[in-house]
Structures are given as C-alpha cells and as structure tokens.
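Colleague: coords below, sequence missing:
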C-alpha cells in the first residue's frame, strides 16, 4: 500500500515546522527541551527511522524521511528550550 502524506519536499518541511511548533509547547510545559535533549532525541529518531525501521532499504527516500523526521524532533526540542528560556526571563511558568 502506498500512502503519500506529502506531495513534495517543501510540503514535508512546512509540515515539519508546523508540528514542531505545536509539539514544543507540550514539551516546554513538561520542562523538557534544550540543546542537549534536541541533539540526543533527534539522533535517536534518525537512527531508529533509517536503521531500526529499515529506511535504509528505501535508499534516498528512506534517508529523506528519516532526515525530515529527525529535523522535526530537533526543532521541537529547540523551540521548547527557547520557550522555557523566554518564560524564565519573563518570570512565567510553562503551563
């Protein structure tokens, strides 16, 4: 079964940025985010998608899917870290 959720690479990146922003709010509320978590979680996401789930068997397409998924994870944790830093500066909570 073929199930394409995006028509182009640009659409995939736009979707990645949109959902990363939404997910970051939830992570910030849980006080999770920042540079190190972004690095670790995105590296694991890429490894899981490309190696563990067999994305490498799909060649370039598998690489692109794993990359965009990892980039979404990276953005989500980085944005969450920025939200937490902004809230700390403003004296607000992340709830």
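Modeller: Right, received. Where do you want to start? Remember, predicted model here, so these are calculated numbers, not experimental data. Residues are numbered from 1 along each chain as shown.
Colleague: So residue 27 versus residue 81, what's the distance?
Modeller: Distance of residue 27 to residue 81, given as C-beta to C-beta, to the nearest Å: 9 Å. In short, each C-beta sits where N, CA and C put it, glycine included.
Colleague: oh, I was asking about residue 52
Modeller: Residue 52 is 26 Å from residue 81, where distance means C-beta to C-beta.
Colleague: and what of residue 48?
Modeller: With the distance defined as C-beta to C-beta, residue 48 ends up 22 Å from residue 81.
Colleague: Could you verify my assumption that residue 19 touches residue 71?
Modeller: No - between residue 19 and residue 71 there is no contact under C-beta atoms under 8 Å: 11.1 Å.
Colleague: More neighbours: which of those two?
Modeller: Set residue 19 next to residue 71 and count neighbours by other C-beta atoms under 10 Å: residue 71 wins out with 18 against 13.
Colleague: Provide a list of residues in contact with that one.
Modeller: Each residue near residue 71 by C-beta atoms under 8 Å, 6 or more residues apart in numbering is listed here: 13, 16, 42.
Colleague: centroid residue for this protein?
Modeller: What sits nearest the mean C-alpha location of the chain, by C-alpha atoms, centre = their mean, is residue 73, with 1.7 Å.
Colleague: Correct me if wrong: it contacts residue 47.
Modeller: No - applying C-beta under 8 Å as the test, residue 73 and residue 47 come out as separate, 11.3 Å apart.
Colleague: Next, the buried residues of the longest helix along the chain.
Modeller: Longest helix in the chain, counting residues (DSSP state H): helix 60-90. Of all the residues in helix 60-90, those buried under the rule 16 or more other C-beta atoms under 10 Å are 62, 65-81, 83-84, 87.
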